[in-house]
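Engineer: Prediction below, plus the sequence it came from.
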Amino acid sequence: MKLRVDGLEACDRPGDATPGGGGELDLLREINDRARRLETQLAAMKAETAMARTETIEQFAAVDVEIAAIRREINTRLAAPAAPAGDDEDYIPTLIADEFASVRAEIAQEFNAIRSELLDVSIKLDRLLKKDYM
């Protein structure tokens with residue numbers, strides 16, 4: 001296309017021949033035809049993109065509805081009173097919550113122990129650095 005535009009610019013008169021053998025008007029018609037085809041293709045791509053966007057939005061909405069339903073079910077089961085010993089299915093969320101609290105407490109204890117050790121190491125490091133500079 002760049003070569004053809006350069007050929008058009010090189011012509012002195014509208015009837016001059018270009019290197020391809022066609023006239024300036026033929027080149028302009030071809031450029032206009034290609035521009036129309038590109039516009040048509042662009043419109044089709046925009047339509048496809050809009051459809052894909054709509055489908056994606058619908059799918060995200062469906063996922064949001066499913067997540068909300070799962071949250072409601074979990075909150076309902078966790079808010080329910082403790083189940084009798086024979087009803088294992090309703091007792092499971094309570095067991096999970098208890099186990100989660102236990103694991104969380106263990107992690108907090110480990111974290112505090114590591115923090116204490118790091119403070120000790122930093123104090124010792126500061127003392128060693130002070131000795132080196134004195």
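Structural biologist: Perfect, I can see it now.

Engineer: List the buried residues of stretch 47-64.
Structural biologist: For stretch 47-64, the neighbour count (16 or more other Cβ atoms under 10 Å) marks no residue as buried. Any C-beta I mention is one placed from the backbone N, CA and C, and that applies to glycine too.

Engineer: count of residues packed around M1?
Structural biologist: If you count neighbours by other Cβ atoms under 10 Å, M1 ends up with 9.

Engineer: Longest helix in the chain, by number of residues?
Structural biologist: Counting residues, the longest helix found in the chain (DSSP state H) is helix 24-79.

Engineer: What is the subsequent helix or strand relative to it?
Structural biologist: helix 88-133 (DSSP states H and E).

Engineer: So for that next one, mean pLDDT?
Structural biologist: For helix 88-133, the mean pLDDT works out to 82.

Engineer: quick one: that helix to chain centroid distance?
Structural biologist: 33 Å (Cα atoms, centre = their mean, to the nearest Å).

Engineer: try stretch 54-62
Structural biologist: The answer for stretch 54-62 is 15 Å, by Cα atoms, centre = their mean.

Engineer: what's it in contact with?
Structural biologist: Around stretch 54-62, nothing counts as a contact under Cβ atoms under 8 Å, 6 or more residues apart in numbering.

Engineer: how much does the longest helix of the chain deviate in direction from helix 88-133?
Structural biologist: Following axes from the mean of the first three to the mean of the last three Cα atoms, to 10 degrees, one obtains 110 degrees for the angle between helix 24-79 and helix 88-133.

Engineer: Show me what the mean pLDDT comes to for helix 24-79.
Structural biologist: In this model, helix 24-79 carries a mean pLDDT of 88.

Engineer: Just want to check the distance between R34 and S102.
Structural biologist: In this view, R34 and S102 are 71 Å apart by Cβ to Cβ, to the nearest Å.

Engineer: Sorry, slip of the keys, the one I care about is D126.
Structural biologist: Separation of D126 from S102 (Cβ to Cβ) stands at 37 Å.
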